[in-house]
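In: here is my input; please provide its structure:
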Amino acid sequence: MADQQLAVVAGPDEHGLGEELEALGVDVRRIDGLVTAAALSEAGIAEATLFVLTDVEEATGIPIAKELNSNALAVTYAERSLPEFVAGVADLAVDPDLMDAATVAEELVDGAADRAA
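Out: Sure thing, here's the model as predicted:
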């Protein structure tokens, strides 16, 4: 059996994506403040399969997360678009108005299984 997936979720998560990931068996660790290298490391980014950002104001956390773990899928789940300087670094950007948290969680978990295969 594969190890449990780990997701680092940064931001307020008003739409409950973290809870939906947990419901699918993902170990979710949260960052509630600034998304710094220290906060990411403390949350376990080195072992994470997913980095989910829900606050585009903290978009600089995406390249930091990718530097610490280039294999983690960097996903934004927010209404606002990413700033141009970081948009190319994120792997996926989803607007909660277009796709609900349960569907996104299912796709992320299924996609991680496909990437591991």
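
In: name the nearest residue to the residue nearest the centre of the chain, sequence neighbours excluded.
Out: The centre of the chain sits closest to residue 52, judged by CA atoms, centre = their mean, with a distance of 1.5 Å. Nearest residue to residue 52, sequence neighbours excluded (CB to CB, 6 or more residues apart in numbering): residue 9, at 4.6 Å. (Glycine included, C-beta is placed from N, CA and C.)

In: okay, and the beta partners of the one you found?
Out: Residue 9 has these beta-bridge partners by DSSP bridges: residue 30, residue 52.

In: shouldn't it be in contact with residue 55?
Out: No. Using CB atoms under 8 Å as the test, residue 9 is too far from residue 55 to be in contact (10.4 Å).

In: tell me which of those two has more neighbours.
Out: A count of neighbours by other CB atoms under 10 Å puts residue 9 above the other of residue 9 and residue 55, at 26 against 19.

In: in the chain, which spans are strands?
Out: 6-10, 27-31, 50-53, 73-77, 92-94 (DSSP state E).
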